[in-house]
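Participant: Sequence plus predicted model, see below.
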Amino acid sequence: MQRRTFLTSVGAGATAGLAGCLVGEGDDDGGESDITVGIIYSTGGLGDESFNDMAFAGIEQAEEDFGISYQNAEPDEPADMNDMQRQFASDEDIDLVCCIGFDHETDLAENAEEYDDQRFALVDAVVEADNVANYTFREHEGSFQVGHLAGLLSTMDYAHGAGETNTDESRVGFVGGQEIALIERFEAGYIAGAQHADDGIETPSAYAGSWNDPATGQEIATGMYDEGADVVFHAAGGTGGGVFQAAQSAGRFAIGVDDDQSISAEEFSDVIVASMVKRVDTAVYESIEAVVNDEFESGMNDLGLEDEGVGATIGQDFDGDLPDDVIDALADSREAIIDGDIDVPDNLDDL
Amino acid sequence: MKAPSVTRRQGLLIGGILFGLITLGLLIDGGGQLIGDVAGVFSVSYLASAIRLTVPIAFAAMGGIFAEKTGVINIGLEGLLIIGAFGAVASLYALSATPIGANIWLAFVLAIVASTIVALLFAIVCIEFKADQIIAGLAVWLIALGFAPFASIIIWRRTSSPSVGTFSTISIPGLSALPSIGPLFEATPPVFLLALAVPFSWYLLNRTTFGMWIEASGEDPKSLDTAGVDVRKVRYAGVLLSGVYCGIGGAGLALNTGQFVGSGDTMIDGRGWIGLTAYLIGNYNPVGAFLASFLFAGLEALQLQLQQIAGYDVSSTLVGIIPYVAVLIVLTFVGRTRMPSAAGEHYDSDE
């Protein structure tokens, strides 16, 4: 028996070593669970310091807590996703296939039906099937929080890092990438949050029309700061770099998106007062936890403030420096949203 | 070329009728308010923003003029801008690791060199090997579109660079202190370079021997050859100049924002193509090309401002197609644009 255990572990080690060249594979030193997860990322791939890296962080956490093992797959283009899904789905050792990103939606709708004995988790999109657990985010709730913070800062006299508020006007801005329903959720929540802080606040917002045009983002934000905006929030991907640049030039504040951008865009940490973080890692972790506890359920998981799926994360340079009454007010509005006392609009018409 | 099927007067009439209809529509549809708001947008900071947006478009347009006037149609302007933008950011990043330090002007020059080298390759392919100029131009764009993000991944492990530093603002002593228009004389170096490049290009084309050679090389290369001037050399010079101009435009854009974004269409985002339409509308005149570029950039800046005035939903996509619609109208109805007669044709000197 001892000899057999030894052989198995050597075999596993050798496989892991070989597989390491192609795919990362978790070793199962944490322990007790024999669940194996296959995870397929979106085309940005690992190392994007955002969406995919957060999914990876979730699976690493699950490995540490439950001792699961995992296999990574990184598609170069959406066309690779179908093969990867089918490969993991037909592998009998794999107990859960995690698909990260909305690009997986169409392929998964077919594959979930064909491999009806496999379990799937889908992040950022919805496939209605008995064996798919969907994870989406209530981005408007997190945006409400950062909007509330922006509104509070705009009405007070505050200076820290490279920024300083302008006390004459109560004005905060929003810069979007492309004008799509998903991004309007960010905008609606943000404006509602700013108005929660100050009824009379001005909230200019504009879309650059692109995810990769920092020059236009910079022009929009510069215009907003010139008009007296104290804080600008972006939900615009690469276009947002221009917003941070404009904040630094104007000596005002900005708010990041998706992950804590005061860390991922560290050059601008002196103006990034907070980020609206979308916890992709939590979604991945929860889907694995459900399988480990044998509680896998298909259907919708809409992660909001309560589940810590979204939220405002204070920038690393600002953590501990914001006035206590601002932090308390944020905690209060967070509670109120969770308790249902504040109804956060998820589109501009309900604003 | 045939005489235009619609005379200039008729073209103006058509334009006038269209303008009248639009004005009438606005007045009936409560547009009086819109006209008031649009008028409210025009300010010195709006003008400054429009000029900044003009820089890459106008440089690409003037570069295109030099190439096409000599008889080589360079539709790879977009690609050359991408090389200029990437070259500037990558050079600045690399320089900061050397004893020279992050010298922004040196990075600017290196970017121009990079773009000129790519233009030289294009020239060799078109002039020595008599390749189809349109296909070779498309290749320049596609290669740049693939190369820049690829090189970014090698250098920074992702398609976008971190922030590497920007040009600082220069004020012209005296003029920048003027009341109301003062802010126009406080800008980054590329804006001032543009102000110098437009008259310089006009002078070079219209008042120098070299300008006459360029004209002759595109209109009647045979006569130029007979006069003892090497047509090949003049064409090389024209294409290389387009590389220099695009290098300035691309580097100016990237060094204003301080980073390179390579996802999607890259941060150039179609500015080279708009430059192409700008010089067609400007009828191969640097001043006309500048005015057309300024018109398109001004409309873009206007659209960005109007979005921020609550109540207007101007589609950024719609404004984005205006340059292309405008060039169609100008080419079809007004017919004032006339290509150099030998543009696109190879020239063989019968020695």
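Facilitator: Arrived safely, thanks for sending. Numbering: from 1, shown residues only, chains lettered A, B, ... in the order given.
Participant: now do the same end-to-end measure for stretch A:341-351.
Facilitator: Between the opening and closing residues of stretch A:341-351 there is a gap of 16 Å (Cα to Cα, to the nearest Å).
Participant: what mean pLDDT does it have?
Facilitator: For stretch A:341-351, the per-residue pLDDT values average out at 88.
Participant: Give me the residues contacting it.
Facilitator: Around stretch A:341-351, the neighbours that count as contacts under Cβ atoms under 8 Å, 6 or more residues apart in numbering or on different chains are A:138, A:140-141, A:144, A:181, A:184-185, A:187-189, A:191-193, A:196, A:333, A:336-337. In this view, the C-beta of every residue, glycine as well, is placed from N, C-alpha and C.
Participant: In ChimeraX, how would I select just the buried ones from those?
Facilitator: Isolation of the buried members of those (16 or more other Cβ atoms under 10 Å in any protein chain shown) is achieved in ChimeraX through the command below:
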select /A:138,140,141,144,184,185,187,188,189,191,192,193,196,333,337
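Participant: Now, the contacts of stretch A:341-351 that are in helices?
Facilitator: Using DSSP state H, the subset of those located in helices is A:140-141, A:144, A:181, A:184-185, A:187-189, A:191-193, A:196, A:333, A:336-337.
Participant: Near chain B, list only the ones from these.
Facilitator: With Cβ under 8 Å from any Cβ of the partner chain as the criterion, no member of the ones in helices among the contacts of stretch A:341-351 is in contact with chain B.
Participant: Farthest pair within these?
Facilitator: Put simply, by Cβ to Cβ the two of these set farthest apart are A:181 and A:336, 25.3 Å from each other.
Participant: give the contact list for residue A:148.
Facilitator: With contacts defined as Cβ under 8 Å, 6+ apart, residue A:148 is in contact with A:193-194, A:196-197, A:329-330, A:333.
Participant: ok, so of these, who is nearest residue B:349?
Facilitator: Compare each of the contacts of residue A:148 with residue B:349 using Cβ to Cβ and the shortest gap goes to residue A:194, at 69.4 Å.
Participant: sorry, back to before: lowest pLDDT pick from the ones in helices among the contacts of stretch A:341-351?
Facilitator: Here the lowest pLDDT out of the ones in helices among the contacts of stretch A:341-351 sits on residue A:181, with 83.
Participant: mind checking how far it is from residue A:135?
Facilitator: Applying Cβ to Cβ, to the nearest Å, one obtains 18 Å for the distance of residue A:181 from residue A:135.
Participant: what does residue A:119 give?
Facilitator: Applying Cβ to Cβ to residue A:119 and residue A:135 gives a distance of 13 Å.
Participant: Now for residue 68, how many residues are close by?
Facilitator: Just so you know, I chose chain A. If you count neighbours by other Cβ atoms under 10 Å in any protein chain shown, residue A:68 ends up with 25.
Participant: hmm, I had chain B in mind actually
Facilitator: Residue B:68: 26 surrounding residues under other Cβ under 10 Å.
Participant: swap in residue A:199?
Facilitator: The criterion is other Cβ under 10 Å. On that basis, residue A:199 has 9 neighbouring residues.
Participant: helix/strand/coil for residue A:277?
Facilitator: strand (DSSP: H, G, I helix; E, B strand; the rest coil).
Participant: Tell me the bridge partners for it.
Facilitator: Listed by DSSP bridges, the beta-bridge partners for residue A:277 are residue A:258, residue A:311.
Participant: Show me which residues of the stretch 201-350 of chain B are close to chain A?
Facilitator: By the criterion of Cβ under 8 Å from any Cβ, the positions of the stretch 201-350 of chain B lying close to chain A are B:253, B:256-259, B:261-267, B:269, B:300-301, B:304-305, B:307-309, B:315-317, B:320.
Participant: Try it again at 7 Å.
Facilitator: Near chain A, the residues belonging to the stretch 201-350 of chain B are B:253, B:256-259, B:261, B:263-267, B:269, B:301, B:304-305, B:307-308, B:316-317, B:320 when assessed by Cβ under 7 Å from any Cβ of the partner chain.
Participant: Show me just the buried residues among those.
Facilitator: Those of these that meet the buried threshold are B:253, B:256-259, B:261, B:263-267, B:269, B:301, B:304-305, B:307-308, B:316, B:320, by 16+ other Cβ under 10 Å.
Participant: just for chain A, where's the confidence low?
Facilitator: Per-residue confidence of chain A (counting by pLDDT under 70) places the weak regions at A:1-31, A:44, A:47-49.
Participant: and the residue most central in space within it, what does it touch?
Facilitator: Using Cα atoms, centre = their mean, the residue of chain A that lies closest to the mean C-alpha position is residue A:278, 2.6 Å off. Under the criterion of Cβ atoms under 7 Å, 6 or more residues apart in numbering or on different chains, the contact partners of residue A:278 comprise A:137, A:139, A:142, A:258, A:310.
Participant: show me what contacts the third one?
Facilitator: With contacts defined as Cβ under 7 Å, 6+ apart, residue A:142 is in contact with A:276-278, A:305, A:310-312.
Participant: quick one: it and chain B, what's the gap?
Facilitator: Taking Cβ to the nearest Cβ, to the nearest Å as the measure, residue A:142 falls 23 Å from chain B.
Participant: nearest residue to that residue other than its sequence neighbours?
Facilitator: Spatial nearest neighbour of residue A:142, excluding adjacent residues (Cβ to Cβ, 6 or more residues apart in numbering or on different chains): residue A:310 at 3.1 Å.
Participant: does the one you found really touch residue A:135, like I thought?
Facilitator: No. Contact between residue A:310 and residue A:135 fails when scored by Cβ atoms under 7 Å: they sit 11.8 Å apart.
Participant: Now for those two: what residues contact both?
Facilitator: Taking Cβ under 7 Å, 6+ apart as the contact criterion, the common neighbours of residue A:310 and residue A:135 are residue A:303.
Participant: any idea how far residue A:147 is from chain B?
Facilitator: As judged by Cβ to the nearest Cβ, residue A:147 and chain B stand 16 Å apart.
Participant: quick one: the strands in the stretch 101-250 of chain A?
Facilitator: Counting by DSSP state E, counting those that start in this stretch, the segments of the stretch 101-250 of chain A that form strands are A:120-123, A:132-137, A:159-160, A:163-164, A:172-176, A:205-207, A:231-235.
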